[in-house]
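Peer 1: all I have is the shape, not the residue letters:
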C-alpha cells in the first residue's frame, strides 16, 4: 500500500510538472479571454477543459496505436488563432474601456445576445487551446506510450490543473494592479497575441514543407 501511495504521488508530481511546462503560456491567454466582456466565463472554462481533453485524447490514441502525429498537421492548427485574431483586429480602434459600472450594465443588457453564441464561444476557446497544444502532444505522446498504466493518474492531474489554471487566469484579471491593466488594454493586446500565436504555430508547418 505504501508503494502504491508513493507511486501515485510520483505520477501526480510528474503530471503537474508536465502540465505546467506545456501550458504556462495559457495563463495569459485565459486572462485575455476573461478580460473580454463579450465572452461568458463558463464558456471560457468549458472551452479550456474541452481543448485539454481533445489534446489528451489525441495523445492517448497516438500512444496506444504507436502512431506518430505529423508535426505539419499539428502546426496547421495555427489557422484557428490567426483567424480569430484577424477577426478581432477592429478592437484595436475601439474606444477606451468604460467605467466598471457601465460595463456591468452593458453586460447585463447583452446577456441574452451573448447567450445565443455560447456554443460558438466554447468552440473558439477550445480551438485556441488545441492550436496552442503542439507542445502538449509532443510531450504527452511519449509520456503515455512509456507508461500506459499511469494514464488515468495523468488525466486526473490534468483535469485538476486545468481547473487551477482557469482560476489563476480569472484571478489575474481581478487583481487590482495587474487586472486593471489587462481590463484596460486586454482587448487591444489580445488580437495581436492571437495573430502572433497563429503565425508562430504556422511557421512550424512552413518550415517542415520546405
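Peer 2: Noted; the coordinates are in hand. What you see is a predicted model; the values in this text were computed from it and never measured.
Peer 1: can you check the pLDDT for the closest residue to residue 143 other than its chain neighbours?
Peer 2: Using Cβ to Cβ, 6 or more residues apart in numbering and skipping residues adjacent in sequence, the residue nearest residue 143 is residue 18, 6.3 Å away. Where C-beta positions appear, they are placed from N, C-alpha and C, glycine not excepted. What the model reports for residue 18 is a pLDDT of 85.
Peer 1: whichever strand or helix holds residue 166 packs against which elements?
Peer 2: Residue 166 is part of helix 151-174 when elements are defined by DSSP states H and E. If you count contacts as 3 or more Cβ pairs under 8 Å, 6 or more residues apart in numbering; DSSP states H and E, helix 151-174 packs onto helix 2-23, helix 26-35, helix 41-64, helix 134-146, helix 178-209.
Peer 1: those helices: lowest mean pLDDT?
Peer 2: helix 178-209 (a mean of 66).
Peer 1: still on that earlier bit, show me which parts of the helix holding residue 166 are buried, residue by residue.
Peer 2: Neighbour counts over helix 151-174 (16 or more other Cβ atoms under 10 Å) mark 151, 153-155, 157-158, 161-162, 165-166, 169-170, 172-173 as buried.
Peer 1: between those residues, which is nearest residue 140?
Peer 2: Closest approach between the buried residues of helix 151-174 and residue 140, by Cβ to Cβ: residue 154, at 8.0 Å.
Peer 1: look up how far residue 51 lies from the closest one.
Peer 2: Per Cβ to Cβ, to the nearest Å, residue 154 is found 17 Å from residue 51.
Peer 1: same check on residue 28?
Peer 2: The gap separating residue 28 from residue 51 is 15 Å, by Cβ to Cβ.
Peer 1: next: residue 159.
Peer 2: As for residue 159, its distance to residue 51 is 13 Å (criterion: Cβ to Cβ).
Peer 1: helices and strands around the helix or strand hosting residue 84, which ones?
Peer 2: Using DSSP H and E, the element containing residue 84 is helix 79-87. Counting contacts by 3+ Cβ pairs under 8 Å, 6+ apart, helix 79-87 packs against helix 118-131, helix 178-209.
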